[in-house]
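Peer 1: model the following, please.
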Amino acid sequence: MAQAFADGGTAAAVPRSGRHRWLIVAVLFAATTVNYIDRTMLGLLAPTLGTELGWSENDYGNIVTAFQAAYALGFLLMGWLIDRFGPKVGYAIAISIWTVGHVAHGFASSVASFMMARVILGVGEAGHFPSVVRASSEWFPQKERSYAIGWVNSATTIGVILTAPTIWLFMVWMGFDWRQTFIYTGAFGIILLLLWLWLYSNPRESGKVSEAELAWIEHDPPEKVERLGWGTIVTKREAWAFAVAKFLTDPVWFLMLFWLPKYFSTTYDVDLKVVLLPMIIMYLLSDAGSILGGWTSSKLIQSGHSVNFARKATMLGAGCCVLPLLFVTGLDNMWLAVVLIGIALAGHQAFSSTILSIPPDMFPKRAVGSVIGLGGFAGGVGGMIMAKSTGLVLDATGGNYTVIFAACTTVYFLAVLAVHLLSPRLAPVTVESKA
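Peer 2: Prediction:
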């Protein structure tokens, strides 16, 4: 007979209480910032490194591809690892690996050694979002979870914005060269690791959570099944609903991270690495979208709407916010383009914080890391396809982004359709018992 992973009944009313769980959000916010500084630093230093080390465009492309491939495959490994050992140990391993990879850039000299450093970095950083969602599922009830994830997800852009000032601090103010900068900024990862090991535990073991706050955290209906193996996960339509959505929408974020500087350089003769204000405006708008998307989804649930309605309505609204990209390529006014792209980025981040909340809605906590890993792998593959396709389209159209931006506006609606077809109610999945 079929057995549900979570009780479908309605939990008794429990008042919201306590704030210790938001300390976990603060730590994850800081971790996300460090993660994205480490990820972005090579891109900003690439012109300097390319000149000094004699890289060709193909050499740099191979280094970027090495990271993307390792990041995609790393999701499968790290998702399983975090489910197997829990977020405290699993994320500590992930932080350690990506910090080693980041520091290794300072000792690299050949294209092959940079590729190896990026592979190590990619594998470690792949453990970030599985850890974020798994920790959020332990510390937040369903009706508050997407809001917490929205805050953490907003730190991705804070990390991007802070990368240039970090490089300036170490290379200009402190006088370090690029090798020393990679090595010494590894201290961020070490501090983060110690902070994580010191502060994180599950709510019942922390000793710092009041009974009232614990009742709020744990007031969702109990799960019937604790663990779920890969062999079962990959047979579930609900897992593929998440994976397909990530495959379709993650590439838009990769596109913006890797191609926006080039777009502004060729269209408006502005270097975003030097003139930071446009980048800050766009990414702060995206931060607002991440938080607002998470808040909207949580608020709809708290107002009595079903999880199914709250998640899908928020994702549809987020997709609508990306539509201004259709009008960007016809603009002569750079600042209007900045605002429209910022709104589109806000839409993406609102979608992202909501879609990351869906696996805990459908799967038991000790399977969430693996499901996030599957989705992250799919998103990484989509990102590689997007990178190759973007280059081909730009070559064929003489650098015209119209087709590319138009494609970006459609994928969110396709993703919502895929989620709805594969999981019409976002109900907890079932498995046939052996009895």
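Peer 1: please count neighbours and contacts with C-alpha atoms only from this point.
Peer 2: Noted.
Peer 1: residue ranges of the strands in this structure, please?
Peer 2: Counting by DSSP state E, residue ranges of the strands within the chain are 2-4, 430-432.
Peer 1: those: lowest mean pLDDT?
Peer 2: Within the strands of the chain, the least confident segment by mean pLDDT turns out to be strand 2-4, at a mean of 42.
Peer 1: sketch out the low-pLDDT regions of the stretch 201-350 of the chain for me.
Peer 2: For the stretch 201-350 of the chain, residues meeting the criterion pLDDT under 70 lie at 222-227, 272-275.
Peer 1: can you give me the helices in it?
Peer 2: Remark: helices assigned in the stretch 201-350 of the chain by DSSP state H, counting those that start in this stretch are 203-206, 211-217, 230-233, 237-268, 277-302, 307-322, 334-355.
Peer 1: got the CA positions of the first one in CSV?
Peer 2: Right, helix 203-206. Presented in CSV, the C-alpha positions along helix 203-206 are these (Å, rounded to 0.1, in the frame of the first residue of the first chain):
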residue,chain,number,x,y,z
PRO,A,203,17.1,23.0,17.0
ARG,A,204,16.7,20.3,19.6
GLU,A,205,20.4,20.0,20.2
SER,A,206,21.3,23.7,20.2
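Peer 1: distance from it to the middle of the chain?
Peer 2: In terms of Cα atoms, centre = their mean, to the nearest Å, the centre of helix 203-206 is found 26 Å from the chain centre.
Peer 1: who touches that helix?
Peer 2: Helix 203-206 has contacts (Cα atoms under 8 Å, 6 or more residues apart in numbering) with 138-139, 200, 209, 214.
Peer 1: buried stuff in that helix?
Peer 2: Pro203 (16 or more other Cα atoms under 10 Å).
Peer 1: and what of the fourth one?
Peer 2: Across helix 237-268, burial judged by 16+ other Cα under 10 Å covers 238-255, 260, 263-264.
Peer 1: quick one, it and helix 307-322 angle?
Peer 2: For helix 237-268 against helix 307-322, the angle by axes from the mean of the first three to the mean of the last three Cα atoms, to 10 degrees is 10 degrees.
Peer 1: helices or strands up against helix 237-268?
Peer 2: With contacts defined as 3 or more Cα pairs under 8 Å, 6 or more residues apart in numbering; DSSP states H and E, the secondary structure elements packing on helix 237-268 are helix 334-355, helix 358-362, helix 365-397, helix 402-422.
Peer 1: try 10 Å this time
Peer 2: The helices and strands touching helix 237-268, judged by 3 or more Cα pairs under 10 Å, 6 or more residues apart in numbering; DSSP states H and E, are helix 20-53, helix 230-233, helix 277-302, helix 334-355, helix 358-362, helix 365-397, helix 402-422.
Peer 1: ok, back up a step: tell me which of the helices of the stretch 201-350 of the chain sits nearest to Met41.
Peer 2: With Cα to Cα, the closest approach to Met41 among these belongs to helix 237-268: 12.1 Å.
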